[in-house]
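Novice: please work out how this folds:
(4 chains)
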Protein chains: 2
Amino acid sequence: MDTRERLIESTRELLWERGYVGTSPKAIQARSGAGQGSMYHHFRGKPDLALAAIRRSADELRAGVEAVFSGPGTVVERVTTYLRWERDLLRGCPVGRLTQDPEVMADPDLRRPVEEVFAWLTDRLAGLLAEGRADGELDARLDPLTTATALVSVLQGGYVLARAAASPDVYARAVDGALGLLAPAAPGKGNR
Amino acid sequence: MDTRERLIESTRELLWERGYVGTSPKAIQARSGAGQGSMYHHFRGKPDLALAAIRRSADELRAGVEAVFSGPGTVVERVTTYLRWERDLLRGCPVGRLTQDPEVMADPDLRRPVEEVFAWLTDRLAGLLAEGRADGELDARLDPLTTATALVSVLQGGYVLARAAASPDVYARAVDGALGLLAPAAPGKGNR
DNA sequence: GTCTATACGGTGATAGAC
DNA sequence: GTCTATCACCGTATAGAC
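Specialist: Residues are numbered from 1 along each chain as shown, chains lettered A, B, ... in the order given. As a prediction, this is how the structure comes out:
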């Protein structure tokens, strides 16, 4: 991995752990093993480097979700896989985390990838739910868009509660509760 | 409002807007109108002042929720009021926000009020849902604890999505989706 | 209680040598 | 491409006068 790459990956980790406001160029240099001069050679400054890191995290999130949503299984199965698939629960969501950062939200360039990926995700999930509804798999009374928004929120909020409790179990409970609401009648569908 | 009080209130606002990592003593002094010496007279330092601010925010959250949950109305009505009651959507939750702050989570003293209030909230809501289930108002298959965890998550995650989209409507959609899942058959219950 | 002075390390860069 | 030097300001205090 070359220096530029190490800088981006180190920045991604630090943004995840500490946010933009809590991440200094010095910390990035220390973690990546790059010197001061190297960092400013490859990037114009902290915002420029953060933009590269944020874009990559957003792209990765999108690709991971798309792989699950376009995979095999019924709609409920795919949604279940998506909700249960998240790892690193106590570290939170690398993209959702950025919404709490005042400087990311204040900078249109840094903000855009965050905004776009959540808009895409909600829409993509709504499409999946609409499919399930058309198939008769889901209750016809469910509105795809609002239900999708609620499910993505459960995921993001589950991270918050898991961190508050310092326990991944809380995330699992949030997801179980959501799946119980989504498919109350589903017997033995892995709905623990 | 005396100086000590203004220091606490200013710190609460700044923790809300910028988190602990993003809030400097200097910014607190500027917002509160207190001088350097004043701040260190009333508090031992930034962590001490932050602790007072966090405790107060947690207490306020608890009191507000309790007022709604112990108020009049059916269980679904009270849950609906709670979920729709949140204001300042784009500012996020003053307590939930702190779960994203590495230094708050790393300090047991600062962390405790956050942990406790979410544990209390989830439990309190689970009790309310159990009541609704016993009354026959809610589906008997709903598990109170996991459902309560999911609902609190929708709220916290709704803030995240609303901030990502810079639009309170997204929060409203998340809540509508959750309420649609909770009481799918409820006709004309304000379930827009 | 509040003020000013002082301190030491960190932040976010720029300049120029190698 | 990477290194070291330098910089002006900020972060988080402590000390002591008023």
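
Novice: hey, where'd the helices end up in chain A?
Specialist: Counting by DSSP state H, residue ranges of the helices within chain A are A:3-18, A:25-32, A:36-42, A:46-69, A:75-85, A:102-106, A:108-134, A:144-165, A:168-182.

Novice: which strands and helices lie in contact with the longest one?
Specialist: So that's helix A:108-134. Using 3 or more Cβ pairs under 8 Å, 6 or more residues apart in numbering or on different chains; DSSP states H and E, the elements in contact with helix A:108-134 are helix A:46-69, helix A:75-85, helix A:102-106, helix A:144-165, helix B:144-165. Quick note: C-beta positions are derived from backbone N, CA and C, even for glycine.

Novice: alongside DNA strand D, which residues does chain A contribute?
Specialist: Selection of chain A residues close to DNA strand D by Cβ under 7 Å from any atom of the strand yields A:2-4, A:34-38, A:40-42.

Novice: want to throw the helices and strands packed on helix A:108-134 into TSV with mean neighbour count, mean pLDDT and distance to B:Glu103?
Specialist: What follows is the helices and strands packed on helix A:108-134, written out as TSV (neighbours: other Cβ atoms under 10 Å in any protein chain shown; pLDDT from 0 to 100; distance: least, Cβ to Cβ, whole Å):
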stretch	mean neighbour count	mean pLDDT	distance to B:Glu103
helix A:46-69	18	98	19
helix A:75-85	19	96	30
helix A:102-106	17	98	16
helix A:144-165	27	98	13
helix B:144-165	28	98	20
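
Novice: how about a markdown table for these, with distance to B:Gly136 added?
Specialist: A markdown table is the format used below for these (distance: least, Cβ to Cβ, whole Å):
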| stretch | distance to B:Gly136 |
| --- | --- |
| helix A:46-69 | 37 |
| helix A:75-85 | 27 |
| helix A:102-106 | 45 |
| helix A:144-165 | 24 |
| helix B:144-165 | 14 |
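
Novice: so which of the ones you listed comes closest to DNA strand C?
Specialist: Among the helices and strands packed on helix A:108-134, helix A:46-69 comes nearest to DNA strand C, with 3.3 Å by Cβ to the nearest atom of the strand.

Novice: ok now the closest one, how far from the chain's centre?
Specialist: Here the centre of helix A:46-69 is set off from its chain's centre by 9 Å, with Cα atoms, centre = their mean, to the nearest Å.

Novice: kindly report the same for stretch A:149-162.
Specialist: Worked out by Cα atoms, centre = their mean, stretch A:149-162 lies 10 Å from the chain centre.

Novice: for that stretch, list the C-alpha coordinates in PDB.
Specialist: In PDB, the C-alpha atoms belonging to stretch A:149-162 read as follows (Å, rounded to 0.1, in the frame of the first residue of the first chain):
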ATOM      1  CA  THR A 149     -36.900   5.200   6.400                       C
ATOM      2  CA  ALA A 150     -37.900   3.600   9.700                       C
ATOM      3  CA  LEU A 151     -35.700   0.500   9.100                       C
ATOM      4  CA  VAL A 152     -32.600   2.500   8.200                       C
ATOM      5  CA  SER A 153     -33.300   4.600  11.300                       C
ATOM      6  CA  VAL A 154     -33.400   1.500  13.400                       C
ATOM      7  CA  LEU A 155     -30.000   0.600  12.200                       C
ATOM      8  CA  GLN A 156     -28.500   4.000  12.800                       C
ATOM      9  CA  GLY A 157     -30.300   4.300  16.200                       C
ATOM     10  CA  GLY A 158     -29.300   0.800  17.100                       C
ATOM     11  CA  TYR A 159     -25.700   1.900  16.900                       C
ATOM     12  CA  VAL A 160     -26.400   4.800  19.200                       C
ATOM     13  CA  LEU A 161     -28.000   2.600  21.800                       C
ATOM     14  CA  ALA A 162     -25.400   0.000  21.500                       C
END
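
Novice: that one and chain B in contact?
Specialist: Yes: using Cβ under 8 Å from any Cβ of the partner chain, we find that stretch A:149-162 touches chain B at A:149-158, A:160-161.

Novice: in those residues, find the pair that's most separated.
Specialist: A:Thr149 and A:Leu161 (18.0 Å; Cβ to Cβ).

Novice: okay, the helices of chain A in a markdown table with distance to B:Glu115 next?
Specialist: What follows is the helices of chain A, written out as a markdown table (distance: least, Cβ to Cβ, whole Å):
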| stretch | distance to B:Glu115 |
| --- | --- |
| helix A:3-18 | 19 |
| helix A:25-32 | 27 |
| helix A:36-42 | 37 |
| helix A:46-69 | 27 |
| helix A:75-85 | 24 |
| helix A:102-106 | 24 |
| helix A:108-134 | 27 |
| helix A:144-165 | 5 |
| helix A:168-182 | 10 |
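
Novice: indicate which one of those is closest to B:Asp59.
Specialist: Nearest of the helices of chain A to B:Asp59, taken as Cβ to Cβ: helix A:144-165 at 15.8 Å.

Novice: fine by me, we can end here.
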